[in-house]
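Chemist: Kindly return the folded structure for what I paste below:
(2 chains)
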Amino acid sequence: MFVAWRDLRAARGRFALLAAVVALVTLLVGSLTGLTAGLAAQNVSAVLGLDADAVVLARPAGSSGSTSGALTFADSSVSSAQQSAWASAAGVTGAWPLGVSQTRATRQSSSGTASTQSAAVAVLGTDPGLTATTPASPATVVLSTPAAEALKARTGETVELGGQRFTVAQVSGDGWYSHTPVVWTTFLDWQQLSRATGGSGEASALLVRGDLDGDQRAALDTRTGTTATTLLGSLGAIGAFRSEVGSLGLIIGLLLVVSALVVGAFFTVWTLQRTADVAVLKALGASTRSLVVDALGQGTAVLVGGVAAGTAGVVAIGLAAGTAVPFVLSPLTALAPSLLVVVLGLVGVLVALRAIVSANPLTALGSIR
Amino acid sequence: MITFDDVTLTHPDGAGRVTALDHVHLVVPDGAVTVLTGPSGSGKSSLLAVAAGLVRPDSGRVLLDDDDVARLAPSAAAALRRERVGVVFQQANLLPSLTVRDQLLVMGELGAVAGGRGQRRRELREHADALLAEVGLDGLGRRRPHQLSGGQRQRVAIARALVHAPSVLLVDEPTSALDSERAAEVVELLVRLTRERGTATLLVTHDLDRLNSVPGLERVVRMSDGRLDVPALR
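Modeler: Residues are numbered from 1 along each chain as shown, chains lettered A, B, ... in the order given. Now for the predicted structure:
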């Protein structure tokens, strides 16, 4: 690193510029990752919190096999016959209905005056006891914390859903579904609500527990016209999640490619500019290995410096964002993208090393150039 | 001492090959400057490149003491240069990001990276400063190449080539960018250091006339078309 450090000092303007670009790319990648994670959580946290080995969704009419591309919670409708088929299958210990719908909730003021508060919510209905957030008795709801905040409702107050009144039994959890805060009801209450709002009252999905092998599952899928998937796999059936994560992931990927290209291009130009110096060092006796280590160290120093500054910016943004925007600040969202920028940047540096490896010491002798 | 024993070197040239060195025999003794002169394309720099292990000859031996430089692999030739051979280039070829002192210290770093002598950095610094004073650059250790005159840059290059106490010094057209007065000064310095240190110095120049006034340049070898014109020096 003898020459590398001195190069950094002598050309600090150029290296500072590169470090600033790396910092900005890291800031963008880190911010987008935090935002993507936040948006994803607002899409799927309620589904992810369910306790099931598999989620069964009805295939849309006209689809065949185990194709799950067009599966959505919104369009899926699982009949009681399909539920029975799954519940009685070998290896299945239980199959319970899950109702999912979105509607408007209104908190009724205790004094009966005009002081009401309403908000769009997702209503998830399951059998009592199936999840920790399902209410134990009919005509009651459990509000997720964001739903309670949106409705400014507390335990014991009354909430109206689809013209029916429910008592808030509890405020619990951080459930979100497709960017709307979740209200948990019993499945029977959900069915009534579904019918009252023009729905069929059939379950949107089944929550299955048990141990089914792949062949059994495929056979059951074919026989019942459903598709079973893992809890994680079922997230793709939430339309907003698929499109958001897909588009933001694409942007993050492109930014990472850009960072590798920018770093690679800089170090390629930088190395080509100093090819004559590298040739002199080789002519003086420097081994190619020592020159490569020197250049790698230089690249790593610039990358780590830039990425550290960018990561600090991501943390600052995450802290400043608070709850104003859906932003997840965690070691995974802050450090993983930074590490990726370093790794991809080093790939760029590695490409630039070709010029060092191929530099011919003979060119240092002027008359042979 | 470095000995060229029947060295032949050819380069590809279109469909055929051109002979750069044609059965060269030459002894470069310790403690003296051997001047190799001749017109452009005569093979002077090729001989220098072969001596430095930068090019492998087609045939013949290049003996540095008992080691045949012509048979060394590139990595071994590089190790030989950083330990036993000093090279002074035509344009000084100083590294622009390094100070004058660092130009010398970098040789120690090259050695350290390759598992060389491992002198402590402070000792190396003192050694470098002493050598800079010896070549007339006392107090200029913190300057960068662009802050030096052409003659000063060439003196730094000479100090860099000698900092690791090589037994052979290879000098490629050291005066081509200097006026006659500076050129004579630089070559006088080379002659003095060669005698004091006992190095075997091979100095390549195409412009011997400007060096006529320099004492101590008795060993002059003329070269043309890859052949030596003074076999008496074999």
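
Chemist: Which neighbouring elements make contact with the helix or strand hosting A:Asp277?
Modeler: Using DSSP states H and E, A:Asp277 sits within helix A:275-284. Secondary-structure packing of helix A:275-284 (3 or more Cβ pairs under 8 Å, 6 or more residues apart in numbering or on different chains; DSSP states H and E): helix A:288-321, helix A:331-358, helix B:74-84, helix B:100-113. Just so you know, the C-beta spots here come from the backbone N, C-alpha and C atoms, and that holds for glycine as well.

Chemist: so A:Thr140 touches A:Gln164, yeah?
Modeler: No - in this structure, A:Thr140 is not within contact of A:Gln164 by Cβ atoms under 8 Å, at 11.5 Å.

Chemist: So if I had to pick from these two, which one is more boxed in?
Modeler: A:Thr140 (18 against 14; other Cβ atoms under 10 Å in any protein chain shown).

Chemist: Now for the more buried one: which residues touch it?
Modeler: A:Thr140 makes contacts with A:Phe166, A:Thr167, A:Val168, A:Ala169, A:Thr185, A:Thr186, as judged by Cβ atoms under 8 Å, 6 or more residues apart in numbering or on different chains.

Chemist: so which two of these are the farthest from each other?
Modeler: Farthest apart among the contacts of A:Thr140 by Cβ to Cβ are A:Val168 and A:Thr186. That separation is 14.1 Å.

Chemist: sorry, back to before: quick one: which of the contacts of A:Thr140 sit in helices?
Modeler: In helices, judged by DSSP state H, none of these are found.

Chemist: In JSON lines, list the residues you listed along with neighbour count, pLDDT and distance to A:Ser259.
Modeler: Formatted as JSON lines, the contacts of A:Thr140 follow (neighbours: other Cβ atoms under 10 Å in any protein chain shown; pLDDT from 0 to 100; distance: Cβ to Cβ, whole Å):
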{"residue": "A:Phe166", "neighbour count": "25", "pLDDT": "95", "distance to A:Ser259": "51"}
{"residue": "A:Thr167", "neighbour count": "14", "pLDDT": "95", "distance to A:Ser259": "54"}
{"residue": "A:Val168", "neighbour count": "22", "pLDDT": "95", "distance to A:Ser259": "48"}
{"residue": "A:Ala169", "neighbour count": "17", "pLDDT": "94", "distance to A:Ser259": "50"}
{"residue": "A:Thr185", "neighbour count": "26", "pLDDT": "96", "distance to A:Ser259": "47"}
{"residue": "A:Thr186", "neighbour count": "24", "pLDDT": "95", "distance to A:Ser259": "50"}
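
Chemist: filter those residues down to the ones near chain B?
Modeler: Among the contacts of A:Thr140, no residue lies close to chain B (Cβ under 8 Å from any Cβ of the partner chain).

Chemist: Closest one of the residues you listed to chain B?
Modeler: A:Val168 (70.0 Å; Cβ to the nearest Cβ).

Chemist: Identify the residues contacting the closest residue to chain B within the stretch 151-300 of chain A.
Modeler: Nearest to chain B in the stretch 151-300 of chain A, going by Cβ to the nearest Cβ, is A:Gly285, at a distance of 2.6 Å. Residues near A:Gly285 by Cβ under 8 Å, 6+ apart: B:Ala78, B:Ala79, B:Leu80, B:Arg81, B:Arg82, B:Glu83, B:Val85, B:Met107, B:Leu110, B:Gly111, B:Ala114.

Chemist: now do A:Pro337
Modeler: A:Thr26, A:Val29, A:Gly30, A:Thr33, A:Ile252, A:Leu256, A:Val314.

Chemist: now, which of the residues you listed lie within helices?
Modeler: A:Thr26, A:Val29, A:Gly30, A:Thr33, A:Ile252, A:Leu256, A:Val314.

Chemist: okay, the worst-scoring helix or strand of chain B on mean pLDDT in PDB with CA atoms only?
Modeler: In chain B, no helix or strand scores lower on mean pLDDT, DSSP states H and E than helix B:100-113, which sits at a mean of 79. Extracted C-alpha coordinates of helix B:100-113, given in PDB (Å, rounded to 0.1, in the frame of the first residue of the first chain):
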ATOM      1  CA  VAL B 100      11.800  12.600  -3.600                       C
ATOM      2  CA  ARG B 101      12.500  10.600  -0.500                       C
ATOM      3  CA  ASP B 102       9.600   8.200  -1.200                       C
ATOM      4  CA  GLN B 103      11.100   7.600  -4.700                       C
ATOM      5  CA  LEU B 104      13.900   5.900  -2.800                       C
ATOM      6  CA  LEU B 105      11.800   4.300   0.000                       C
ATOM      7  CA  VAL B 106       9.600   2.600  -2.600                       C
ATOM      8  CA  MET B 107      12.500   0.300  -3.400                       C
ATOM      9  CA  GLY B 108      12.600  -0.900   0.200                       C
ATOM     10  CA  GLU B 109       8.800  -1.400   0.100                       C
ATOM     11  CA  LEU B 110       9.200  -3.500  -3.100                       C
ATOM     12  CA  GLY B 111      11.700  -5.600  -1.200                       C
ATOM     13  CA  ALA B 112       9.600  -5.800   1.900                       C
ATOM     14  CA  VAL B 113       6.500  -7.000  -0.100                       C
END
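
Chemist: by contact count, what packs against that helix?
Modeler: Short answer (3+ Cβ pairs under 8 Å, 6+ apart): helix B:100-113 packs on helix A:2-10, helix A:275-284, helix A:288-321, helix B:74-84, helix B:121-134, helix B:150-162.
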